[in-house]
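A.B. asks: my questions concern the predicted model and sequence given below.
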Amino acid sequence: MILWKRMMELQITKRLSLMAGVLFEIAGSTQLISAALNAIAAADAVTRTMFNATRAMRFKGVNASFTTAGGAAFAFTITKDTGTGAPGSGTALLTGTVALTGAANTVVSGTLIGNLDTLKLAPSDRLGVLFSGTVTGIAGLNISAMLEPA
């Protein structure tokens with residue numbers, strides 16, 4: 001019965017074009033939502049908003065992969081941005097950064113902070129992607145964040 005229910009869940013995919021040719025995708029079911037920044041090149045790897053919450057959500061994790069590694073110590077973290085603060089200026093939701101300097105085409109992930117209340121997003125809260133280090137060289141960067149309704 002549970003398997004049948006999961007097979008019957010409604011899948012929703014929306015694609016929106018963002019400036020600089022970056023593709024933003026939201027794919028979801030009744031239980032899990034994935035927000036992704038796809039095919040980011042060095043020129044597009046700037047701190048930005050990745051997801052806008054329209055209802056109460058819980059951040060569940062993030063992973064990334066790339067086809068060409070970034071420069072020295074190139075990494076990112078995910079922030080919970082509230083109010084009118086700039087992207088990346090909010091509370092970090094990972095214990096550290098996710099390095100983007102390793103082997104190409106390998107999935108890397110971040111470690112969530114321990115405070116479960118901080119991982120909750122209210123309507124109008126945003127997830128920011130905050131880049132750090134030397135961006136030179138990164139190509140084919142894909143970042144996916146997983147959320148669920150709270």
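C.D. replies: Sure, I can see it. Computed from a prediction, not measured in an experiment: that's the story for all the values here.
A.B. asks: how long is stretch 88-108 end to end?
C.D. replies: End-to-end distance for stretch 88-108: 20 Å, by Cα to Cα, to the nearest Å.
A.B. asks: ends of stretch 102-110, what's the gap?
C.D. replies: 14 Å.
A.B. asks: show me where this protein has strands.
C.D. replies: Assigned by DSSP state E, the strands in the chain fall at 12-17, 23-28, 33-40, 48-52, 57-65, 75-81, 91-92, 98-99, 108-109, 120-121, 126-132, 141-149.
A.B. asks: show me what the last one is packed up against.
C.D. replies: For strand 141-149, the contact count by 3 or more Cβ pairs under 8 Å, 6 or more residues apart in numbering; DSSP states H and E identifies strand 33-40, strand 48-52, strand 57-65, strand 126-132 as packing neighbours. Placement of C-beta: from N, CA and C, glycine included.
A.B. asks: identify whichever of those lies nearest to Phe76.
C.D. replies: strand 126-132 (5.0 Å; Cβ to Cβ).
A.B. asks: related to what we said a few turns ago, make JSON lines out of the strands of the chain and add mean pLDDT and mean neighbour count.
C.D. replies: Shown next, in JSON lines, are the strands of the chain (pLDDT from 0 to 100; neighbours: other Cβ atoms under 10 Å):
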{"stretch": "strand 12-17", "mean pLDDT": "36", "mean neighbour count": "10"}
{"stretch": "strand 23-28", "mean pLDDT": "47", "mean neighbour count": "16"}
{"stretch": "strand 33-40", "mean pLDDT": "87", "mean neighbour count": "19"}
{"stretch": "strand 48-52", "mean pLDDT": "95", "mean neighbour count": "19"}
{"stretch": "strand 57-65", "mean pLDDT": "96", "mean neighbour count": "19"}
{"stretch": "strand 75-81", "mean pLDDT": "97", "mean neighbour count": "23"}
{"stretch": "strand 91-92", "mean pLDDT": "98", "mean neighbour count": "16"}
{"stretch": "strand 98-99", "mean pLDDT": "96", "mean neighbour count": "17"}
{"stretch": "strand 108-109", "mean pLDDT": "96", "mean neighbour count": "14"}
{"stretch": "strand 120-121", "mean pLDDT": "97", "mean neighbour count": "20"}
{"stretch": "strand 126-132", "mean pLDDT": "96", "mean neighbour count": "21"}
{"stretch": "strand 141-149", "mean pLDDT": "94", "mean neighbour count": "19"}
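A.B. asks: fine by me, we can end here.
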